[in-house]
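Engineer: next come a sequence and a model predicted from it.
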Amino acid sequence: MFENLPELHRKDRQLPLEACKEILQNAEYMVMATVDNNAIPYATPLSFVLFEDKIYFHSGMHKGHKASNLAENPYCSLAVIGKTQPVYTKNFTTYYESVVVFGKVCEVTDSARKKTVLFALAEKYLPEHMHNAEKDITASLDRTKVYEISLDKITGKAKKAAKEAPKET
C-alpha cells in the first residue's frame, strides 16, 4: 500500500529506523491525518504510546470526525515531533527531529488487550499515578475505544547543530 510513496527529499537529514523508534518512544504527542471517502483530510492531535512495535491511542465511544473517517478508510499518516530548538547562528533556523508513519488503523476489541494498552498509556503519561490505574482503567473500559496503528512505513529526519571541530592547543 505505501511502497510507492516518494522518497525523503533531504537524504542528508534522514534518520535510521532505530532513531525513528526512539523518537516515537519519547515524543509526547502525534498528529494523525485521515481522509474520508470524499477525499477530505482531517488531522487530529493525540496522545499515544509505542508499544510492542505498534502505535496505540484511545478515544471515547462517540462517533466523531476521526472515528467516521477511520470507519470509511482505515489508512492514516502520523506526524510526530521530537525535540526542537529554534536557533540563530548565521540565519534563523530550527534544530529538530521528526518522524512520519504510514499505517493502517484497527480497533482493539479484546478487553484484556485494551487494558494492557491503557496501562501502557498511563505508565507513559502519569507514571506517578499508577497506583490508581487498575481502578480507573477498569471503571472506564466499556466507555473507551483503543486503536492500534501498524508501522507500515516510517521515515524520520533531523537537523542538528554541526559538531564543533576540536580546538588545537
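Structural biologist: The structure has been received and is ready for your questions. Small disclaimer: the values here were computed from a predicted structure and weren't measured. Numbering: from 1, shown residues only.
Engineer: can you tell me the SS state at residue 135?
Structural biologist: Here residue 135 is recorded as helix under DSSP: H, G, I helix; E, B strand; the rest coil.
Engineer: that one - how many residues pack around it?
Structural biologist: By other Cβ atoms under 10 Å, the residues close to residue 135 number 9. No exception for glycine: its C-beta is placed from N, CA and C like everyone else's.
Engineer: okay, now the unreliable bits of this structure?
Structural biologist: 6, 12, 163-169 (pLDDT under 70).
Engineer: which parts of the protein are strands?
Structural biologist: With strands called from DSSP state E, the chain shows them at 29-35, 41-47, 49-51, 54-60, 75-88, 92-108, 144-149, 153-159.
Engineer: the inter-axis angle of the longest one versus strand 75-88?
Structural biologist: Spelled out, that is strand 92-108. Interaxial angle, strand 92-108 versus strand 75-88 (axes from the mean of the first three to the mean of the last three Cα atoms, to 10 degrees): 160 degrees.
Engineer: who does strand 92-108 pair up with?
Structural biologist: Sheet pairing of strand 92-108 (DSSP bridges) gives strand 75-88 (antiparallel), strand 144-149 (antiparallel), strand 153-159 (antiparallel).
Engineer: need phi/psi at residue 10.
Structural biologist: Here is the backbone geometry of residue 10 (degrees, to the nearest 10): phi -100, psi 80.
Engineer: contact partners for the nearest residue to residue 161 once chain neighbours are set aside?
Structural biologist: Leaving aside its chain neighbours, residue 161 sits nearest to residue 95 (5.9 Å; criterion: Cβ to Cβ, 6 or more residues apart in numbering). By Cβ atoms under 8 Å, 6 or more residues apart in numbering, the residues touching residue 95 are 83-85, 87, 158-161.
Engineer: ok, residue 95 to residue 159 distance?
Structural biologist: Using Cβ to Cβ, to the nearest Å, residue 95 is found at 6 Å from residue 159.
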